[in-house]
Every structure is written in structure tokens, then in C-alpha cells.
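*Asks:* Sequence and predicted model, in that order:
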Amino acid sequence: MKIIAKMSCATFLAGFCVLAAFAQAPATLHVDTKQQLHPVSPMLYGLMTEEINHSYDGGLYAQMLSNHVFRTSWAGVESWGLIRNGNAQANADVDKTTGPSEALPTSLKLVVGAASTGNEAGLSNPGYWGMAVRPHTKYAGSFYAKADGDVGAMTARLVSDATGAVLAQTRVPLHGGAWSQYSYTLETSAVASVSAANHLELTVAHAGTVWLQLVILFPPTYHDRANGNRVDLMEKMAAMHPKFLRLPGGNYLEGDALADWYNWRKTIGPLVDRPGHQAPWTYWSTDGMGLLEFLEWCEDLKIEPVLAVYAGYSLKNKNGGRPGEHIAPGKDMEPYVQAAVDEVEYITGDVTTKWGAERAKDGHPAAFPLTYVEIGNEDWFDTSGSYGARFAQIAVALRKKYPQLKLITTTPIKVNKEAEPDVLDDHYYKSPAAMFDLVHRYDDAPRGKEEIFVGEWATRSGSPTPNFGDALGDAAWMTGLERNSDLIVMASYAPLFVNVNPGAMQWPTDLIGYDAVRSYGSPSYYAQCLFAAHLGDAVVKSDVSGAQDRFFTSATLSEKEHVLHLKLVNASNHPQALTMTLDGAKTGAAKMWSLHAASFAATNSITEPEKIMPRESTMQVSAAMRHTVPAYTIEVINVPVK
């Protein structure tokens, strides 16, 4: 009584209102499985990625060595150290006069004045923030070399940073003469613990000169592909049940300057013929992951590529600001139009075509499927007004040769009928609060003209990966995507990946985090896995009344499986009581997956990767029932139907 007596009137009334809220009647949710409103787009959920946050080099692309083509900066040859054991005498520097190919015309020249067994000279590489070395594992490597003098064999070793222990080693005999490619295998036995604190050493024990270029080392890759991808990251993407991959990326397509565009022709063929290019997120792209590797990524996940072709616009102008520069429509654009037409031929042409034959030469005779082609990326930044003409020039050429393609515009345009786009690409990056407010964005949008591709979207507040508030925003947004999947044909979260080491990230918030050894899914990642894994082929009629403002639902039906997929998202700090009427539901057990946290700020991390995970359970359902969704909870319920 004394405590109550000291409470102000305002405080008392606020507490009373909270209690009254809990005493309110439950909200009403009515789902009629017999009333199908429209089909769900079969391509609804997919992947979007680009070279950002070391998504490829130092990420998905499994090549373990950093700066394997010996690029220089003000600090010298980055990532490579000079080894001079004992009384060895040696120096190393870039030689701009010789290299193994036109694409790689330079090399690292190692001059050894004195060396012997136990007094070796050579080079070391720490990888991308370390190298994962695992027990009983084979690592496949190669390098190009030219030797002058009898330097004997080169020894390749994996070495522990902490102990200096040699974890695996092999000898590679070198011969004199012209440039040659050498291959080697390193195989570990027992390794005390899996760690990133390891490095590669390449040494010789005789005096002489060796030029090196394109030094690579691969762990086992997904589906054992040569020049392939990290197993754990591919498995995480497979668990998202994607239907497509938007490639090669957003800003990565354009580049900061016109000269930095994604010239796909320079990303195919042997690695030694790929010069690499400057990517827009501050670091060099080796293009080890080139166009064919993107397509094989799709093949491995059994998904379809959504190809973005360059449309003649750069991100920045000559002063380094926006708007960027553009290629003038007309004659100046013709080489880029041809590049787009040829790129489609490389992907879809049979071996009798010029570029289909090149694909076969690269090791993949079979053509790839292709339905959607996006022309450019985020061209709303171009204030010149040239995008409509640039789009039309490419669109007309593509439609002339490939009339079956569906073309995507990056911004609304007015063009002649023969160049009209089929799909509009919308992008959204929002805070949790703003995303909740955006959920109904497409509910009343006009139908009948362009379809919508939400090519980039994310709820952003966590770093480096989404927190649970972001997951709630994403799940709420996905209920809107599903509800409007007659208009929205595809959607993909961005960015997909982030290397969590200091200095590796340029953009938070990112779906999947990793270092050299481990990877983890964010709360948003698990929300996406749940939504895509439990998606029907038709949206059914559903209505909610009396619910809190931040309560969101989706209801889709799998006719073949006879299952209603019910998604319930409670982004409020109060539980949401429901009276549910599920017309057509069978009485009995239903499976439920729940994703929950105590606050918006709760999250997963590289050290706590499974702090927030889906929990599977069963619940009893009937045509009419009571159910309460706890605060800060995402639920997916599979209800059997008659």
C-alpha cells in the first residue's frame, strides 16, 4: 500500500492500461483453404550476391591464398612475406617484364643468393585472415614458375603460426626454361585442433632465380569442383531453398569507373587468362569466380541464373562522386550491346554457336537455362536521362535473337513497345520500424503491366549480421511478398555474405557470416530458411482483425501435400492471443517451427552461432481453436487440410 500511495496518477494509469491490454479479447484469424486467391510465384525466393565484404575472394570462392597474383600497393607485395631461414640470402620483388600470359604479364622474382637444407629461402602467405587446416584432408595447389639456374625442387608446406609445426608438405621439382604450370598436393594427417592460424610456405634450398605467378591452394570444395566453392557456405545456401541466383551482382556489375565494368569475357577460360579487375568495394577482384563458376554455382544448387548485363553506367564520375558517368546511346553503346547478346549465347547457346563452343571449351558443353535478364543496376542514380535509350538499345537486340527472354528494368522507363520491360526491379533497405511500416506496400499496387522483382532488400540494424529485430522485419516483409506473389515474381535479400574479420566488411547488415574456419546463419537467415522451405503454390483467403499493429500473417496452400503453411509474426513485446478459424483443416497434430528471442538486439555471432535457432514442435489444431504467439516470435505452422 505504501508503494501504491507513492505512485503518481500517470504511472498508475499507464500500468492499468498495460493490464487492460492483456485482458482484451483475442484477435481473430480466419483462413479459408478452399478460396485460392492466386498462385504463388514458383521463383519467389532466391539469392543475390556480389563481390562485397570479401564474398568471393576470401569467402565463397574456396581459393585459400590472398593476393595470389602478386599485386602491389604502397606497402609492397601484399600478403607475401620473404623467408630467409638460417644464413639464407634472398630478395623478392615484382618483375613487370615477364609473366605466364598476356592477362598476367608480371610476376614475383625471387633471387636466392645462398640457400641449403635447413637454410631455405622463399615466400609465405597467410591466406585471407588465416587458413583453415583440418585433419586428414587433401589440399590441391598449383603455380606458374620460370627458373633460372639449378634451384632444385620447391617445397610447399602448411605451417602452424603458433607452433611452427609442419602440418603437411611436398616437394615440387622445377625445371629451367619457359613458364610452366606446376601442380602439388598437401595432405594433413592428425591435426590437434582446427584453426585459422596457419600459413603456406614455398621455399628452395639452392641458389638461383625463380619467377612465380598465380599461386593457388584449394581445400575440398562443394561437389568436388575444381576452382570451386566452400562447402559450408554452399550448404547454407542450399538450406535456404532458393530458386534463382541474381548474378554477377549489383554494383559489382557496373564498377566505380566505366573501365571497371564486369567484362564477362575476361572472366572465362583458364585462370591464367583472367586479368582480374577493380571491384567497387575497395579491393581487387581476381575473377577466379567468373561467369562459368557463377553458372556452375546455380547448377550445384539446382537453381536458375537471373543474369544482369552491363548497361553502360558507372557508379562514380571522374571526381569520385555521384552521379556516375554513362556511355552515350547509339554507336558508343554498340560494343556493350554485343557483349550482352554474346553473354546470353555463352549461357544458352549450343556447341555449334561461337560462344556456346567457348563454353564447351571451358569444360561445360551443356547449355544453362535462362529466363530473366536484367539490364543494368540501380540506374535511378543516373540523372542524365539516358537509361531509357540504353535499356531500349540492349532490349531490342536481345529480343531479336532471344524473344523468349523476360527483361528486367532497374527503374521505371518509357520506351517503344518493342523494348518494353517485363519486370521492374525494386530495392529496399530499411530499419526494423520502417520495414514494419512497408509490409503492405504492394497490397493495392496496380496489376496488369510490369511484374516486380525485389532484387535487393534487407532490414538493417545489426552488424555484421542481422539481429532479431531485423529478422522480425524480414519475416514481416516476407508475409507481404507471399501475399502479393501474383505481382512479385522474385525477391532476394542482399548482401548475402560477410567475412567477419576486422577490415573485411564494407557494408552491414549481411545474412551469413564467416571467417576462414567457421560460418553461421543470422536470425534473418533462419527466418528465410523457414519461409522458403514452407511455401505453398497458392495464396488462400485469410483475414485478421483485432490484432496488434505489428502482427503479420501469410497463408499459402500446398495442394499436392495437402498442407496449409501458416506464417505468424509477432514483432511486439506483448504476446498475441488468437482465435483461429481454419476452414478445411484436419483435426489433429501439426508441425510448428518457432524462432524467438528476448529482444530486438539478440543475435548470433561467429562465437555464438546457434544462440537463436528454429525450434520444432507439434501442436494440436482444429477448425476452430485458440493459440497465442509469444512476444518477439516468428512461427511457421504446417496444418494438414482435407
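*Replies:* Everything's here; your move.

*Asks:* for stretch 590-608, how far is the first residue from the last?
*Replies:* 30 Å (CA to CA, to the nearest Å).

*Asks:* what residue ranges in this protein score low on pLDDT?
*Replies:* Applying pLDDT under 70 to the chain flags the ranges 1-24.

*Asks:* so where do the helices sit in it?
*Replies:* Assigned helices in the chain, in chain order: 2-6, 9-23, 231-238, 251-254, 291-301, 334-348, 354-361, 387-401, 432-438, 468-483, 523-533 (criterion: DSSP state H).

*Asks:* centre of the chain versus the fifth one, how much separation?
*Replies:* Looking back up the chat, that one is helix 291-301. Here helix 291-301 is found 13 Å from its chain centre; the criterion is CA atoms, centre = their mean, to the nearest Å.

*Asks:* how far away is residue 585 from residue 513?
*Replies:* Residue 585 sits at a distance of 39 Å from residue 513 (criterion: CB to CB, to the nearest Å). All C-beta spots, glycine's among them, are computed from the backbone N, C-alpha and C.

*Asks:* next one: residue 253
*Replies:* According to CB to CB, residue 253 stands 24 Å off from residue 513.

*Asks:* now residue 608
*Replies:* The spacing between residue 608 and residue 513, counted by CB to CB, is 11 Å.

*Asks:* Compare these two and say which is more crowded by neighbours.
*Replies:* Neighbour count, other CB atoms under 10 Å: between residue 608 and residue 513, residue 513 has more, with 24 against 10.

*Asks:* Return the residues in contact with residue 473.
*Replies:* 430, 431, 432, 435, 436, 459, 571 (CB atoms under 8 Å, 6 or more residues apart in numbering).

*Asks:* mind putting the residues you listed in TSV, distance to residue 32 included?
*Replies:* What follows is these, written out as TSV (distance: CB to CB, whole Å):
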residue	distance to residue 32
430	32
431	35
432	31
435	28
436	26
459	30
571	25
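
*Asks:* Show me which of the residues you listed is closest to residue 144.
*Replies:* Using CB to CB, residue 459 is the member of these that lies nearest residue 144, at 45.8 Å.

*Asks:* Confirm for me that residue 27 is in contact with residue 574.
*Replies:* No: between residue 27 and residue 574 there is no contact, the gap being 11.5 Å when judged by CB atoms under 8 Å.

*Asks:* Please enumerate the shared neighbours of those two.
*Replies:* In contact with both residue 27 and residue 574: residue 548, using CB under 8 Å, 6+ apart.

*Asks:* who has more neighbours, the two?
*Replies:* When neighbours are counted by other CB under 10 Å, residue 27 and residue 574 differ, and residue 27 comes out ahead with 18 against 15.

*Asks:* Contact partners for residue 200?
*Replies:* Residue 200 neighbours (CB under 8 Å, 6+ apart): 64, 65, 124, 125, 127, 131, 156, 157, 158, 159, 217.

*Asks:* would you turn these into a markdown table with neighbour count and distance to residue 579?
*Replies:* What follows is the contacts of residue 200, written out as a markdown table (neighbours: other CB atoms under 10 Å; distance: CB to CB, whole Å):
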| residue | neighbour count | distance to residue 579 |
| --- | --- | --- |
| 64 | 25 | 57 |
| 65 | 23 | 61 |
| 124 | 16 | 67 |
| 125 | 20 | 63 |
| 127 | 20 | 57 |
| 131 | 26 | 57 |
| 156 | 24 | 68 |
| 157 | 18 | 68 |
| 158 | 25 | 62 |
| 159 | 19 | 66 |
| 217 | 22 | 61 |
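
*Asks:* Among these, which lie within strands?
*Replies:* 124, 125, 156, 157, 158, 159, 217 (DSSP state E).

*Asks:* beta partners of the last one?
*Replies:* So the one you mean is residue 217. Note on residue 217: beta-bridge partners by DSSP bridges are residue 141.

*Asks:* my read: it touches residue 128, true?
*Replies:* No: between residue 217 and residue 128 there is no contact under CB under 8 Å: 11.5 Å.

*Asks:* list residues touching both of the two?
*Replies:* Joint contacts of residue 217 and residue 128 (CB under 8 Å, 6+ apart) are residue 64.

*Asks:* Report how many residues lie close to residue 417.
*Replies:* Neighbour tally, residue 417, other CB under 10 Å: 5.

*Asks:* how far away is it from residue 31?
*Replies:* In terms of CB to CB, residue 417 sits 42 Å off from residue 31.

*Asks:* Now stretch 107-114: buried residues?
*Replies:* Residues of stretch 107-114 classed as buried under the neighbour-count rule (16 or more other CB atoms under 10 Å) are 107, 108, 109, 110, 111, 112.

*Asks:* before we move on, the earlier item: generate CSV for the contacts of residue 200, with distance to residue 476 as supplementary columns.
*Replies:* Below are those laid out as CSV (distance: CB to CB, whole Å):
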residue, distance to residue 476
64, 40
65, 42
124, 49
125, 45
127, 40
131, 40
156, 52
157, 52
158, 47
159, 50
217, 44
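
*Asks:* Residue 393: how many residues sit nearby?
*Replies:* For residue 393, the neighbour count with other CB under 10 Å is 23.

*Asks:* contacting residues around it?
*Replies:* Residues near residue 393 by CB under 8 Å, 6+ apart: 329, 330, 333, 337.

*Asks:* Relative to residue 254, how far out is the last one?
*Replies:* The reference is to residue 337. 16 Å.

*Asks:* Does the nearest residue to residue 422 once chain neighbours are set aside have any beta-bridge partners, and if so which?
*Replies:* Nearest non-adjacent residue to residue 422, counting by CB to CB, 6 or more residues apart in numbering: residue 406, 4.2 Å away. As for beta bridges, residue 406 partners with residue 372 under DSSP bridges.

*Asks:* can you pull the contacts of residue 583?
*Replies:* Neighbouring residues of residue 583 by CB under 8 Å, 6+ apart: 30, 31, 32, 33, 34, 623.

*Asks:* Pull out the buried residues from those.
*Replies:* 30, 31, 32, 33.

*Asks:* Of those, which belong to strands?
*Replies:* Among these, the members found in strands (DSSP E) are 30, 31, 32, 33.

*Asks:* my read: the second one touches residue 582, true?
*Replies:* Yes: between residue 31 and residue 582 a contact is recorded at 5.1 Å, counting by CB under 8 Å.

*Asks:* Could you pull out the residues contacting both of those two?
*Replies:* 564, 566.

*Asks:* ok, back up a step: put together JSON lines for the contacts of residue 393, with distance to residue 292 on each row.
*Replies:* Listed next are the contacts of residue 393 as JSON lines, based on distance: CB to CB, whole Å:
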{"residue": "329", "distance to residue 292": "30"}
{"residue": "330", "distance to residue 292": "32"}
{"residue": "333", "distance to residue 292": "26"}
{"residue": "337", "distance to residue 292": "22"}
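
*Asks:* Now, of those residues, which are buried?
*Replies:* Neighbour counting with 16+ other CB under 10 Å marks 329, 333, 337 as buried within the contacts of residue 393.

*Asks:* Please enumerate the strands of the stretch 501-642 of the chain.
*Replies:* With DSSP state E, counting those that start in this stretch as the criterion, the stretch 501-642 of the chain has strands at 512-514, 519-521, 538-545, 551-558, 563-570, 576-583, 588-596, 615-621, 624-629, 633-640.

*Asks:* could you redo the ones you listed as JSON lines and give each row distance to residue 70?
*Replies:* Shown next, in JSON lines, are the strands of the stretch 501-642 of the chain (distance: least, CB to CB, whole Å):
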{"stretch": "strand 512-514", "distance to residue 70": "26"}
{"stretch": "strand 519-521", "distance to residue 70": "29"}
{"stretch": "strand 538-545", "distance to residue 70": "55"}
{"stretch": "strand 551-558", "distance to residue 70": "52"}
{"stretch": "strand 563-570", "distance to residue 70": "51"}
{"stretch": "strand 576-583", "distance to residue 70": "59"}
{"stretch": "strand 588-596", "distance to residue 70": "46"}
{"stretch": "strand 615-621", "distance to residue 70": "50"}
{"stretch": "strand 624-629", "distance to residue 70": "57"}
{"stretch": "strand 633-640", "distance to residue 70": "48"}
